[in-house]
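Novice: what shape does this take:
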Amino acid sequence: MKFDYYYNNVPGEGLCRNNLIYTSLISKDKKTFCQWYHNDTEYHHGKNQVVDAELMDEKWNRELHFLSNMEYHNPGMVPKILEVNVPERKIYLEIDGVDFWQRSLDANCSYHDIVPDWDQQVLDILKAHRERGWYKYSMHPSSYFVVDGRLKSINYFFTYSNNEPDLSIASVQSHISTERQKQLRLYTDTIGVDWNKAYSLNFIQQLTFDCFSNNYPADFINKAKAIYDPRN
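Specialist: Sure, this is the predicted structure:
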């Protein structure tokens, strides 16, 4: 099976890398997506952000652990894992076309036009994460594929479980795009968040939802935050 680099075609920007961490590959028939945990300079156009080999290993291990766990417990919420090539650090996933975000860009339409109940599906996925004590910070709409009308969640490399220590933004800064870092910095400065200070995973999760407020409707963001509200 032959694969090509997978990019998102963004209006006004052109072809943009689909992921900051790994190298994204897609089969010619767009039925298989490959997460290749390899620091490919050609794919990243020299703008590689995760260049440390140990960190790449950590991201690979997190993806494999959390994605496999989801496939076992909630198989309808993630793509089917077709193959795991451990020596090459590749995960092959069953998909049906380009990602959720790219579909909306290609059709120049809303998320609801692509999947009418997309918001409830994502909230259900978040609830499944919360029930396991997980905190997933990769929330971009390109982190979902659509198969038979169902959203399939990927990108678990940026996921932590509640038995892990607090986290600082600075320690994961390389996982965040330069543009989103600027937006996040403006917000965290207004609320007095120190990027070098470690905060609870739940607090970072709430910051993540705020960080993606430009990608999703306000009502959805509020419902997502409520899932992780310790009072609920």
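
Novice: in which helix or strand does residue 184 reside?
Specialist: Per DSSP states H and E: residue 184 is located in helix 178-191.

Novice: so the next helix or strand after that helix versus helix 178-191, what angle?
Specialist: The element immediately downstream of helix 178-191 (helix or strand, assigned by DSSP H and E) is helix 201-211. Relative orientation of helix 201-211 versus helix 178-191 (axes from the mean of the first three to the mean of the last three C-alpha atoms, to 10 degrees): 110 degrees.

Novice: what's helix 201-211 packed up against?
Specialist: Here helix 201-211 touches strand 134-136, helix 178-191, helix 218-227, going by 3 or more C-beta pairs under 8 Å, 6 or more residues apart in numbering; DSSP states H and E. Every residue, glycine included, has its C-beta placed from N, CA and C.

Novice: outside of the first one, which residues touch it?
Specialist: Outside strand 134-136, the residues within contact range by C-beta atoms under 8 Å, 6 or more residues apart in numbering are 66, 126, 129, 153, 155-156, 158-162, 201-202, 204-205, 228.

Novice: for the helix or strand of the chain with the lowest mean pLDDT, packing partners?
Specialist: Sorting the helices and strands of the chain by mean pLDDT, DSSP states H and E puts helix 178-191 at the bottom, at a mean of 90. On a contact count with 3+ C-beta pairs under 8 Å, 6+ apart, helix 178-191 meets helix 201-211.

Novice: what comes into contact with the helix it packs on?
Specialist: 135-137, 139, 160, 162, 164, 166-167, 169, 180, 183-184, 187-188, 193, 199, 221, 224-225, 228, 230.

Novice: try it again at 6 Å.
Specialist: 135, 137, 139, 160, 167, 184, 221, 224, 225, 228 (C-beta atoms under 6 Å, 6 or more residues apart in numbering).

Novice: relative to helix 218-227, how tilted is it?
Specialist: 180 degrees.

Novice: flag every buried residue along helix 201-211.
Specialist: The neighbour-count check on helix 201-211 (16 or more other C-beta atoms under 10 Å) flags 201, 202, 204, 205, 206, 207, 208, 209, 211 as buried.

Novice: now do stretch 70-77
Specialist: So stretch 70-77, judged by 16+ other C-beta under 10 Å, has buried residues 70, 71, 74, 77.

Novice: any idea of the mean pLDDT for it?
Specialist: For stretch 70-77, mean pLDDT rounds to 97.

Novice: now the end-to-end length of it.
Specialist: 7 Å (C-alpha to C-alpha, to the nearest Å).

Novice: same check, this time on stretch 201-221
Specialist: Using C-alpha to C-alpha, first and last residues of stretch 201-221 are 18 Å apart.

Novice: buried ones in stretch 57-69?
Specialist: For stretch 57-69, burial by neighbour count (16+ other C-beta under 10 Å) applies to 59, 60, 62, 63, 64, 66, 67, 69.

Novice: same thing with stretch 150-160?
Specialist: In terms of neighbour count (16+ other C-beta under 10 Å), stretch 150-160 has its buried residues at 151, 152, 153, 154, 155, 156, 157, 158, 159, 160.
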